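Q: All I have is the shape, not the residue letters:
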């Protein structure tokens, strides 16, 4: 009897030591993992796993302390008094319950971690926070769904009926919101391909409203919000953007301006007039030297000659056009000046 008491004391000390070591290692692990991208739920789950692993190690040590014969005697003694032999028949189910709970908790932690990583990485692509959150949560649900199907497989449950019901609901739901789904698919395309970003200035065919030009304010899954140059905000379904031509006015930093100058015949000289126009343009610092400005004849009548002038400016400096018109007006007082291509006038 004295030996059993000694073994019991050793067993209790072993469990206390392994438990304390488990809590200590959990504290170190959790402290390190909290500095990473892992979600707190997953971090705490891993911390609990460390404690359980060390307790399992302690149980193995306790079993080694007690001989097999002594364990059998204790088992039969308790079984005779408490009738716990029936519990052995359900140990497999108990283990399945524990494993299912572990998979569920781990699935939640991994799903939340995936969502956190996706939201952080998509921020570098200038995607709206609501969009990033939605995509992150969708992937989190996917991970959780995988964990649930794994649990069903552990319990040897048939997944044909749940899948059939889910498939029927999906078909009916898809048919009911097919127009919205088209916009969602187009929205995913825009987010992945990124033909434009938030802050870019675009031009798009607006149907009866004509060409819509403005700055992109928000790119959502269903629609894109654009603030027009006239000040209004317009919401454009992503399907329209996906199926029509979109001009990104800010993709390149230079803009070409095209002017026409109509001069009386007597004021036109084939050599001097184009050279004089180009000289005036070169004196304006805001005009980009490369590509070089050009001035060519585009029309000839009995009374007048029309020249087409093209030059390049930096996007957003539309005030340069007014400076050019003013300089040409001073040089050619009787000329008719017309802006044919105004660099977008945005």
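A: Nice, thanks for sending it over. Everything numeric in this text was worked out from a predicted model, so none of it was measured.
Q: Let me see the contact set for the nearest residue to residue 300 once chain neighbours are set aside.
A: Leaving aside its chain neighbours, residue 300 sits nearest to residue 306 (7.4 Å; criterion: Cβ to Cβ, 6 or more residues apart in numbering). Yep, even glycine has a C-beta here, placed from its N, CA and C like the rest. Taking Cβ atoms under 8 Å, 6 or more residues apart in numbering, we find residue 306 in contact with 260, 261, 262, 263, 297, 298, 299, 300.
Q: can you count the residues close to the third one?
A: Neighbour count for residue 262, taken as other Cβ atoms under 10 Å: 19.
Q: Pull up the per-residue confidence for it.
A: Per-residue pLDDT puts residue 262 at 91.
Q: ok so it is a strand residue?
A: Yes - according to DSSP: H, G, I helix; E, B strand; the rest coil, the state of residue 262 is that of a strand.
Q: tell me the contacts of it?
A: Residue 262 neighbours (Cβ under 8 Å, 6+ apart): 299, 304, 305, 306, 307, 335, 336, 338.
Q: From residue 275, how far off is it?
A: Residue 262 sits 18 Å away from residue 275 when distances are taken as Cβ to Cβ, to the nearest Å.
Q: The last one too?
A: When distance is defined by Cβ to Cβ, residue 300 is 19 Å away from residue 275.
Q: what's the answer for the fifth one, then?
A: Relative to residue 275, residue 297 is positioned 13 Å away (Cβ to Cβ).
Q: Nearest residue to the middle of the protein?
A: Taking Cα atoms, centre = their mean, the centroid of the chain lies closest to residue 122, which sits 3.5 Å from it.
Q: Excluding sequence neighbours, find me the nearest residue to it.
A: residue 132 (4.4 Å).
Q: For the one you found, the count of nearby residues, please.
A: For residue 132, the count of nearby residues is 19 (other Cβ under 10 Å).
Q: Quick check: it touching residue 115?
A: No - between residue 132 and residue 115 there is no contact under Cβ atoms under 8 Å: 9.3 Å.
Q: In strands only, show me the contacts of residue 262.
A: If you go by DSSP state E, the contacts of residue 262 have 299, 304, 305, 306, 307, 336, 338 in strands.
Q: Now do the third one against residue 265, distance only.
A: According to Cβ to Cβ, residue 305 stands 6 Å off from residue 265.
Q: Looking at these two, which one has more neighbours?
A: Higher neighbour count among residue 305 and residue 265: residue 305, with 20 against 11, using other Cβ under 10 Å.
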